[in-house]
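**Student:** Based on what follows, work out the 3D shape:
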Amino acid sequence: MSTTNKAFLKAYRHDEPQPARGSAPSVTSAELSQAASGPATPAMSAEMASATVNTTNRKTAALRRSLPAEKRPLSSYISSQTERTQDLRFDEPAESARFEPGTTVASFRWPAICRALVQQCGPQLENVNRLLWSRASEGNSLIGVFSLFRRGGATTATLCLASRAATRSRRVIIGDGNFRNPQLANLLDVVPTAGWEEVLKNTSPLNDAVVRAADDKVDLLALGGRPVPDPQFRAEGLQAAVTAGILRHNYDLAIVDLGTFFDPLSQPVLLELVANMGMDAAVAVAGPRATDARDIATIEEYFRHTNCEFLGIIENRVVRPQAA
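**Tutor:** Modelled structure (predicted):
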């Protein structure tokens, strides 16, 4: 080792280790439930926190007095301003940054069933949309739509509601959160630059998964055409929460197809998306059969733990009951 290198190591060997930037402790569902049940005694919590901080401060001050002054390379001062501009919360993009979809088309090719329902059930859809916009005006703009059972019509209802909502000349996006059976991109006859599952794997930016229909005034957050591998892991990841923050910042209303509730494979993914993305409210879609009150009670119980408001049920009279 050269004399220069030895001098370099001697000068820097006492530097204090710097904490990793942007790291934060993860919060599990169990911890969220415990927090919701009630905080600890305020006086005891404040006393313990004060004692811990005072002890830590004394130890840190003593340690710093025993060490030589910090030596920093000149390049660190040059990059410090850049680091400060990038030190933003994921749900608060820089004001100068503008979200632009990766793909733009003239219009979506809406399914014939959606066009028929919008014409025949316009007043009923408008009643639901008024409810959604009332929540959005209060800052609760992230809405989930799900079927009680398979093939209940949640995807069709999502498209119909978004189509009606876009007539208000506000920023509206449809999201495909049906990881087990993604259909929205195929039904609307579009191909995104990348599917949302690629964003959740942190291999593509969110823009690439969004398609804008300029004439329809609606955007689509699309999944690829195949079921998402390991869907619950993707639903509980950081990028799903990041997506929620970006949607809230850039759209007045986001309507997400969440799949099926009473399905053993889909339900865990649905509930994880609702919790991790912080869904503000949700609407269920039921087929022509009468809805069991016990099913509604079960849904309300699950959603109560996620702080997601259950708005009610859309009765889909179009779907046909499956053969036994």
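
**Student:** List the first helix or strand encountered after the helix or strand harbouring residue 241 toward the C-terminus.
**Tutor:** Here residue 241, judged by DSSP states H and E, is contained in helix 238-250. Downstream of helix 238-250, the next assigned helix or strand under DSSP H and E is strand 253-260.

**Student:** about what we covered before: output the contacting helices and strands for the helix holding residue 241.
**Tutor:** Helices and strands touching helix 238-250, by 3 or more C-beta pairs under 8 Å, 6 or more residues apart in numbering; DSSP states H and E, are strand 142-147, helix 196-200, helix 267-276. All C-beta atoms are positioned from the backbone trio N, CA, C, and that covers glycine.

**Student:** With respect to burial, which of the ones you listed scores highest?
**Tutor:** When those are scored by mean count of other C-beta atoms under 10 Å, the highest mean neighbour count falls to strand 142-147 (a mean of 28).

**Student:** Parallel or antiparallel, list what pairs with that strand.
**Tutor:** strand 253-260 (parallel), strand 281-286 (parallel) (DSSP bridges).

**Student:** any chance you could map the strands in the protein?
**Tutor:** Here the chain has its strands, by DSSP state E, at 103-105, 142-147, 172-176, 210-213, 218-221, 253-260, 281-286, 309-315.

**Student:** Please report the distance of the closest residue to residue 272 other than its chain neighbours from residue 220.
**Tutor:** With sequence-adjacent residues excluded and distances taken as C-beta to C-beta, 6 or more residues apart in numbering, residue 272 is closest to residue 235, at 4.0 Å. When distance is defined by C-beta to C-beta, to the nearest Å, residue 235 is 19 Å away from residue 220.

**Student:** Quick check on those two: which one has the bigger neighbour count.
**Tutor:** Neighbour totals were compared for residue 235 and residue 220, and residue 220 leads with 28 against 23 (other C-beta atoms under 10 Å).

**Student:** Run through the stretch 1-150 of the chain and note the low-pLDDT ranges.
**Tutor:** Along the stretch 1-150 of the chain, segments meeting pLDDT under 70 span 1-97.

**Student:** cool, and the stretch 151-300 of the chain?
**Tutor:** Judged against pLDDT under 70, the stretch 151-300 of the chain has no low-scoring part.

**Student:** need the contact list for residue 114.
**Tutor:** 156, 159, 160, 163 (C-beta atoms under 8 Å, 6 or more residues apart in numbering).

**Student:** Switch the residues you listed over to CSV; also include neighbour count.
**Tutor:** Formatted as CSV, those follow (neighbours: other C-beta atoms under 10 Å):
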residue, neighbour count
156, 22
159, 28
160, 27
163, 21
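
**Student:** and residue 261, what is it in contact with?
**Tutor:** The contact partners of residue 261, taken as C-beta under 8 Å, 6+ apart, are 146, 147, 148, 149, 267, 270, 284, 299.

**Student:** Please name the nearest non-neighbouring residue to it.
**Tutor:** Spatial nearest neighbour of residue 261, chain neighbours left out: residue 146 (5.2 Å); criterion: C-beta to C-beta, 6+ apart.

**Student:** Please report how far that neighbour lies from residue 224.
**Tutor:** To residue 224, residue 146 is 20 Å away according to C-beta to C-beta.

**Student:** hang on, the earlier thing: who wins for proximity to residue 260 among the helices and strands packed on helix 238-250?
**Tutor:** Across the helices and strands packed on helix 238-250, residue 260 has its closest neighbour in strand 142-147 (4.9 Å, C-beta to C-beta).

**Student:** which other residues reach the closest one?
**Tutor:** For strand 142-147, contacts defined as C-beta under 8 Å, 6+ apart pick out 132, 135-136, 153-154, 157-158, 161, 177, 244, 247-248, 253-261, 270, 273-274, 277-287, 308.

**Student:** quick revisit: does the residue nearest to residue 272 touch residue 274 like I think?
**Tutor:** No. Counting by C-beta atoms under 8 Å, residue 274 is not a contact partner of residue 235; they are 9.2 Å apart.

**Student:** Distance of residue 273 relative to residue 215?
**Tutor:** To residue 215, residue 273 is 30 Å away according to C-beta to C-beta.

**Student:** And residue 135, by the same measure?
**Tutor:** Distance from residue 135 to residue 215, by C-beta to C-beta: 27 Å.

**Student:** more crowded one of these two?
**Tutor:** Applying other C-beta under 10 Å to residue 135 and residue 215 shows that residue 135 carries more neighbours, namely 17 against 9.

**Student:** and the nearest residue to that one once chain neighbours are set aside, how many residues sit next to it?
**Tutor:** Excluding its sequence neighbours, the residue lying closest to residue 135 (C-beta to C-beta, 6+ apart) is residue 281, at 5.3 Å. Using other C-beta under 10 Å, residue 281 has 19 neighbouring residues.

**Student:** Can you point out the buried residues in stretch 174-188?
**Tutor:** Within stretch 174-188, the residues scored as buried using 16 or more other C-beta atoms under 10 Å are 174-179, 181-185, 187-188.

**Student:** biggest separation within the residues you listed, which pair?
**Tutor:** Within the buried residues of stretch 174-188, 179 and 188 form the most distant pair, 17.9 Å apart (C-beta to C-beta).
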